[in-house]
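Student: Build me a model from this:
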Amino acid sequence: MRRIHRLSLLLFFASVCLGAAIFSRYDRIRRANVKPMELYSVINSQVNALRTSDFSRAYLHVSSEFKRKYNIVQFTGMIRAEYPALARTDHVEYGAVECNGRRAVIEVYFIDGKDRVIPCIYTLVNEGADWKIENVRLLKKKDARLMLTGILSSAL
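Tutor: Model prediction:
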């Protein structure tokens, strides 16, 4: 077999594999019937509640598994101790959404008035008709002047 034929065959199979990977990711999201705006809405609702120190309303957005581990008093203490900066941000941007069955993982970027970015990874779980926040992991802060990978911007 000539070299050009082997190269063409290799490129053909590589493009088929790439197409299958892209379709698989799209199909997983479609099958899960996840609308990213539903997920963003849950996060926005909780952050808005935290901005007004309405911890009871913010607690409504956490998963039942989280509620089994932490009561409202522990939740309030955790927010005040570990996540106070999230309530003081001016702007939220959303990045990639990865869905796997009834779980969704979202990149979320909180930006404050001094152009500091607090990147987070949110994990949400579908509990019947509602999405609930299961976990929030804070990542290292960044300067907002650096390019973000966010795909949706939301002023709070």
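
Student: all contacts plus neighbour counts: C-alpha atoms, from now on.
Tutor: Fine.

Student: Could you identify the longest strand within this protein?
Tutor: Assignment by DSSP state E gives strand 116-127 as the longest strand of the chain.

Student: who does it touch, helix- and strand-wise?
Tutor: strand 103-111, strand 130-138, strand 142-143 (3 or more C-alpha pairs under 8 Å, 6 or more residues apart in numbering; DSSP states H and E).

Student: Which stretch among those strands is buried most, on average?
Tutor: strand 103-111 (a mean of 23; mean count of other C-alpha atoms under 10 Å).

Student: contacting residues around that strand?
Tutor: 86, 89-99, 117-126, 144, 150 (C-alpha atoms under 8 Å, 6 or more residues apart in numbering).

Student: hmm, try it at 7 Å
Tutor: By C-alpha atoms under 7 Å, 6 or more residues apart in numbering, the surrounding residues in contact with strand 103-111 are 86, 89-99, 117-126, 144.

Student: That strand vs strand 116-127, what angle?
Tutor: For strand 103-111 and strand 116-127, the angle between their directions (axes from the mean of the first three to the mean of the last three C-alpha atoms, to 10 degrees) works out to 160 degrees.

Student: Work out the gap between strand 103-111 and the centre of the chain.
Tutor: Mean C-alpha position of strand 103-111 versus that of the full chain (C-alpha atoms, centre = their mean, to the nearest Å) differs by 2 Å.
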